[in-house]
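Participant: okay, predicted coordinates and the sequence, questions at the end:
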Amino acid sequence: MEKLYEEDDLLALSGIQHFAFCERQWGLIHVESQWVENVKTVEGKNMHKRVDDPYFTETRGDVKIVRSVPLMSKTLGLYGVADVIEIQQHDDNFGIVNYSIVEYKRGKPKADDRDQVQLCAQALCLEEMLAITINYGYLFYGETKHRYRVEFNNCLRTRVQELAQRMHLLFEKGQTPPAVYNKKCKNCSLFDICVPELSKVNKRTQKYLSRVFDDMRIE
């Protein structure tokens, strides 16, 4: 039987994007409650302020657009808000309705899948809430002024489920993953708190001590 999380145990859906990018970043924010604003995070908030008006809906042709929609999944153990949900009702005798989610981002498409993961997690929440199937959604990037279609295939759905499970595992343990320094660390708003470069120093120290102990055993 599939595990269902209690409402008090739900984690922030927005965190799955942090987790897909860097597990330590997620831990610092969601386990240790540490956060530092930088230019990118402020610009991102300003973009969402222009979008997130739950009282503003509009209709474009056969598409109804609703904003700032609360989401929840007891299966994933996540809760959050969808920037925009587009509801399209086809003009036929069956009254078929299609739902698609649009997530707004300040920058441009990224090399990794963190944005796709967040969007898919939102779709899985809405699927569970309405007992429907959502096949795709869109990512709109402020820098390119273009939106990109994301297919919610089995591979992406499975990745979301696995990430959500690991998030809960670490959160329940109160555990923040160790730092692993790489190129993406430079633009992270938590760089000074995380101090990822120390991980390289620690590894060198461990290797040095290991050699010293090995030499002592030989003697």
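Facilitator: Yep, it's here. Everything numeric here is computed off the predicted structure, so don't read it as measured data. Numbers count the residues shown, from 1 in each chain.
Participant: okay, domains of this structure per the record?
Facilitator: 7-177, 178-219 (automatic domain parsing).
Participant: make JSON lines out of those and add mean pLDDT and mean neighbour count.
Facilitator: All C-beta spots, glycine's among them, are computed from the backbone N, C-alpha and C. Compiled in JSON lines, those are given as follows (pLDDT from 0 to 100; neighbours: other Cβ atoms under 10 Å):
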{"stretch": "domain 7-177", "mean pLDDT": "88", "mean neighbour count": "16"}
{"stretch": "domain 178-219", "mean pLDDT": "65", "mean neighbour count": "12"}
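Participant: please name the nearest non-neighbouring residue to residue 87.
Facilitator: residue 64 (4.5 Å; Cβ to Cβ, 6 or more residues apart in numbering).
Participant: pretty sure that neighbour is in a strand, no?
Facilitator: Yes - under DSSP: H, G, I helix; E, B strand; the rest coil, residue 64 falls within a strand.
Participant: going forward, begin numbering at 12 instead of 1
Facilitator: OK, 12 is where the count begins now, so the last one is residue 75.
Participant: which strand residues bridge it?
Facilitator: Note on residue 75: beta-bridge partners residue 70, residue 98, judged by DSSP bridges.
Participant: hmm, it is touching residue 95, no?
Facilitator: No - Residue 75 lies out of contact with residue 95 (Cβ atoms under 8 Å); the separation is 10.9 Å.
Participant: could you pull out the strands in the chain for me?
Facilitator: Taking DSSP state E, the strands of the chain run over residues 22-23, 69-71, 74-84, 89-100, 108-116, 147-152, 157-162.
Participant: got these as CSV, with distance to residue 196 columns?
Facilitator: Putting the strands of the chain into CSV (distance: least, Cβ to Cβ, whole Å) gives the following:
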stretch, distance to residue 196
strand 22-23, 22
strand 69-71, 41
strand 74-84, 30
strand 89-100, 26
strand 108-116, 20
strand 147-152, 22
strand 157-162, 26
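Participant: of all these, which one is nearest residue 124?
Facilitator: Nearest to residue 124, of all the strands of the chain, is strand 157-162, at 9.4 Å by Cβ to Cβ.
Participant: which other residues reach the closest one?
Facilitator: Taking contacts as Cβ atoms under 8 Å, 6 or more residues apart in numbering, the residues outside strand 157-162 that touch it are 113, 120, 127, 130-131, 146-152, 167.
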